[in-house]
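Undergrad: here's my sequence, what's the structure:
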Amino acid sequence: MELISVVVPVYNVQEYLPAFLENMSNIKSRQFRFYFVDDGSSDNSGLILDGYQEKLGSEKAVVLHTDNAGLSAARNAGLEVAQGKYVWFLDPDDLINTNIIGDMISLLQQYDLDIVQFSFDTFSTTYRKSEVKSIETTDWKKLTGALMSRLWTGFFGTARCRYPEKFSKPGFQPKMA
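TA: Numbering: from 1, shown residues only. Now for the predicted structure:
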């Protein structure tokens, strides 16, 4: 069983998938599995993911095809089948440092953590911005709100993780850089 389940909701992002999948193929750690949720894409996203799963095998990539129900429902569908102790949410327009999973696994195991959150860079063709934010609170409501708005920047224990579907709309397509 994998330690990290990487949940990736996918909706009509065929132009981002080749670069994303190439980047993901370079991850050094072997303690993870991808869970791609094709949320009713009308482009070739689902076919691209099926080819990727065939290339890697189901021990490294699982592809779910669902009717379009929105981003939160797609993330939750991935959580339903995820088997890892931790979950990491990525989007198809993300590019990551391929050493990060190994680095984070070391921290998770060394300190027996439930959550690891890290910094990220935002970039587009016109700008790049680095962001590092520290969340210091014991108020669970504040902490939950802060973490839910930044799901892609950390690993979370899967035992209590669920994405709020009230923020999801079928057909919703976030603006991508």
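Undergrad: assign Glu22 to helix, strand or coil.
TA: helix (DSSP: H, G, I helix; E, B strand; the rest coil).
Undergrad: that should have said Val87, apologies.
TA: strand.
Undergrad: ok, it touching Val7?
TA: Yes - using CB atoms under 8 Å, Val87 is in contact with Val7, at 5.8 Å. All C-beta spots, glycine's among them, are computed from the backbone N, C-alpha and C.
Undergrad: quick one: the helices in the chain, in order.
TA: Assigned by DSSP state H, the helices in the chain fall at 17-25, 45-56, 71-81, 100-111, 140-148.
Undergrad: now for Glu54, how many residues are close by?
TA: If you count neighbours by other CB atoms under 10 Å, Glu54 ends up with 11.
Undergrad: rewinding a little: show me whatever sits in contact with both of Val87 and Val7.
TA: Residues touching both Val87 and Val7 (CB atoms under 8 Å, 6 or more residues apart in numbering): Gly78, Leu79.
Undergrad: quick one: which of the helices of the chain is nearest Phe32?
TA: Closest of those to Phe32 is helix 100-111, at 5.5 Å (criterion: CB to CB).
Undergrad: rank the helices of the chain by pLDDT, which is bottom?
TA: For those, the weakest mean pLDDT is recorded on helix 140-148, namely a mean of 47.
Undergrad: restricting to C-alpha, output stretch 108-116 in CSV.
TA: Extracted in CSV, the C-alpha atoms of stretch 108-116 (Å, rounded to 0.1, in the frame of the first residue of the first chain):
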residue,chain,number,x,y,z
LEU,A,108,6.2,12.6,8.2
GLN,A,109,8.0,9.6,9.4
GLN,A,110,10.6,11.3,11.6
TYR,A,111,8.0,13.4,13.5
ASP,A,112,4.8,11.3,13.1
LEU,A,113,2.9,14.2,11.6
ASP,A,114,-0.7,14.4,10.5
ILE,A,115,-0.1,17.5,8.2
VAL,A,116,2.9,18.8,6.3
